[in-house]
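Enquirer: following is a predicted model, sequence given first.
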Amino acid sequence: MHPLKRIECDKTMNINDRPDVSAEKLQGTVENALNGLKIFNLLKTSIELGIFDFLNEPMSCEQVSNKLGVEPILTYYLLEILAKLGLMDKTGKFYKNSRTAKVFLNSESDYNRNKCILSLEGNVDLWNNLNNTLHGKISREDESFFPEIIQVMAEDCLSGELHDTVDLVADCDEFKSSKTLLDVGGGHGLYSIAFSQMNPNLQCYVFDFPEVLKETQKFIERYSSSVLTIPGNFYRDDFGGSYDMIFSSYNPGGKNPKIAEKIYNSLNLDGLFVNKQYFPEESKNSLGDLLDNMEWNFTNFEKSNKAERRFSFKGDLGFEEYLEFLEGLGFSIIGTHDISHLNTSFGTRSEDKVIIAKKVR
């Protein structure tokens, strides 16, 4: 035999040799990931087909199949999967929306989260084309991106976060006696609308980009609110005025010391500053955190420059640093509270902080 042939034969794998590590964990990771993608697409498509809009009343698989123009066998599995997910109630051969679907997925519901869910398709596309995403960071204009996300954030906060936040603030005596409130980077304005409903003597103002305020005005009109708007850029412009309260929630300058100084200068003595933001925990490095932080770095804004961790921007202070900075300005920290943030196009789930501070000097 030729020497080269003998070497090649010696390298031939013995198929009776078992690998020294199991493929079970790897395969489990792949299957879980793939099933998650399947479920997301099934849910997204169910929303797009309007299934949750016409299944407030019971229908059979055959009836749903005819209405959708989809093969009966595929319709059957779609409905059965939705039932397994707790989104359909099945009685005999009839299906109808579960309470969860009726409240959060029916487009006529005041609490529907359809935009929250459908908006995630853009994130999925970035992951599905990860090779391209890794080689070319996407830049977005703040003024064009934020009006898009306003609708998503509005749906998100109405699922319970707004109510938790307003309840915290409403317990403060300073809130009950306040006459004016500025909502910095207030976006949809729902917090201001809620505050004005809780305190009818409170005049609320939403400060944000002019393009964003077009969306704000729609919510003001929807809820027949007295909230007013002030166009501006909180990085560049002063807030002016003299307010009894200033509120901030998830805006890019929410942990920035320069913005905190502007807030201090626009707040009356003994006035309240309420700030709800995500403060990343340095020690927290779960798989979910790593994925979210990676996704956060897929894109960048032209003005509000992102930092490396999700929901953070260059110039941000950490939680303890921020509290110390507020105290140095002349605030007294009344309290800090953890609050659960469900889901927006920015990421998945996070534990956020509500800081309630009073200007004492």
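Expert: Yep, it's here.

Enquirer: verify the contact between Phe298 and Thr133 for me.
Expert: Yes. Contact criterion CB atoms under 8 Å: Phe298 and Thr133 qualify, at 5.4 Å. In short, each C-beta sits where N, CA and C put it, glycine included.

Enquirer: biggest helix in this structure by residues?
Expert: Longest helix in the chain by number of residues (criterion: DSSP state H): helix 24-48.

Enquirer: next, the residues that contact that helix from outside, please.
Expert: 52, 78, 81-82, 85, 87, 105, 114, 117-118, 120-121, 124 (CB atoms under 8 Å, 6 or more residues apart in numbering).

Enquirer: what ranges do the helices span in the stretch 151-300 of the chain?
Expert: 161-170, 173-177, 190-198, 210-222, 257-265, 287-296 (DSSP state H, counting those that start in this stretch).

Enquirer: next, the angle helix 190-198 makes with the fourth one.
Expert: Angle, helix 210-222 to helix 190-198, by axes from the mean of the first three to the mean of the last three CA atoms, to 10 degrees: 30 degrees.

Enquirer: cool, the fifth one as well?
Expert: If you take the same axes, to 10 degrees, helix 257-265 sits at 20 degrees to helix 190-198.

Enquirer: didn't Met357 look like it was pressed against Gly271?
Expert: Let me fix one detail, which is that residue 357 is Ala and not Met. No. Between Ala357 and Gly271 there is no contact under CB under 8 Å: 9.6 Å.

Enquirer: residue ranges with poor pLDDT in the stretch 251-361 of the chain?
Expert: Where the stretch 251-361 of the chain drops to pLDDT under 70, the residues are 282-284, 301-304, 340-351.

Enquirer: all strands for it, in order.
Expert: 267-277, 299-301, 331-341, 350-359 (DSSP state E, counting those that start in this stretch).

Enquirer: quick revisit: buried ones in the longest helix of the chain?
Expert: Under the neighbour-count criterion of 16 or more other CB atoms under 10 Å, helix 24-48 has 43-44, 46-47 buried.

Enquirer: okay, those residues in CSV with pLDDT and distance to Pro257 next?
Expert: Below are the buried residues of helix 24-48 laid out as CSV (pLDDT from 0 to 100; distance: CB to CB, whole Å):
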residue, pLDDT, distance to Pro257
Leu43, 98, 41
Lys44, 98, 40
Ser46, 98, 46
Ile47, 98, 42
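
Enquirer: need the three-state assignment for Leu82.
Expert: Of the three states, Leu82 takes helix under DSSP: H, G, I helix; E, B strand; the rest coil.

Enquirer: in contact with it: list those residues for me.
Expert: By CB under 8 Å, 6+ apart, the neighbours of Leu82 are 42, 46, 51, 88, 95, 101.

Enquirer: among the strands of the stretch 251-361 of the chain, which is nearest Gln63?
Expert: The closest of the strands of the stretch 251-361 of the chain to Gln63 is strand 331-341. By CB to CB, the value is 38.8 Å.

Enquirer: what are the pairing partners of that closest one, and which direction each?
Expert: Sheet pairing of strand 331-341 (DSSP bridges) gives strand 350-359 (antiparallel).

Enquirer: mind listing what's buried along the strand it pairs with?
Expert: So for strand 350-359, counting by 16+ other CB under 10 Å, buried means 350, 352-359.

Enquirer: looking at the contacts of helix 24-48, spot the one nearest Ser225.
Expert: The closest of the contacts of helix 24-48 to Ser225 turns out to be Asn114 (CB to CB; 23.3 Å).

Enquirer: leaving out sequence neighbours, find the closest residue to the closest one.
Expert: Ile47 (5.1 Å; CB to CB, 6 or more residues apart in numbering).

Enquirer: now that neighbour: how far from Thr216?
Expert: Going from Ile47 to Thr216 by CB to CB, to the nearest Å gives 25 Å.

Enquirer: now Arg236
Expert: In terms of CB to CB, Arg236 sits 19 Å off from Thr216.

Enquirer: the two: which is more packed in?
Expert: Under the criterion of other CB atoms under 10 Å, the comparison of Arg236 against Thr216 puts Thr216 first, with 27 against 7.

Enquirer: check contacts around that one.
Expert: So Thr216 contacts 150, 186-189, 206, 208, 227, 229 (CB under 8 Å, 6+ apart).

Enquirer: can you redo these as CSV with neighbour count?
Expert: CSV is the format used below for those (neighbours: other CB atoms under 10 Å):
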residue, neighbour count
Ile150, 25
Gly186, 28
Gly187, 27
His188, 27
Gly189, 29
Val206, 29
Asp208, 27
Val227, 25
Thr229, 21
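
Enquirer: what's the most distant pair in those?
Expert: Ile150 and Val227 (14.4 Å).

Enquirer: hmm, back to that, which one of the contacts of helix 24-48 sits closest to Arg222?
Expert: Out of those, the member with the shortest distance to Arg222 (by CB to CB) is Asn114, at 16.5 Å.

Enquirer: and that closest one, what's its pLDDT?
Expert: For Asn114, the pLDDT comes out at 95.

Enquirer: that one against Ala101, yeah?
Expert: No. With contact defined as CB under 8 Å, Asn114 does not count as touching Ala101 (11.0 Å).

Enquirer: measure Glu295 to Lys306 for me?
Expert: Distance, Glu295 to Lys306, using CB to CB: 11 Å.

Enquirer: got it, and Lys38?
Expert: From Lys38 across to Lys306, the span is 31 Å (CB to CB).

Enquirer: do the same with Glu71
Expert: As judged by CB to CB, Glu71 and Lys306 stand 45 Å apart.

Enquirer: the more surrounded of these two?
Expert: Neighbour count, other CB under 10 Å: between Glu71 and Lys306, Lys306 has more, with 17 against 10.
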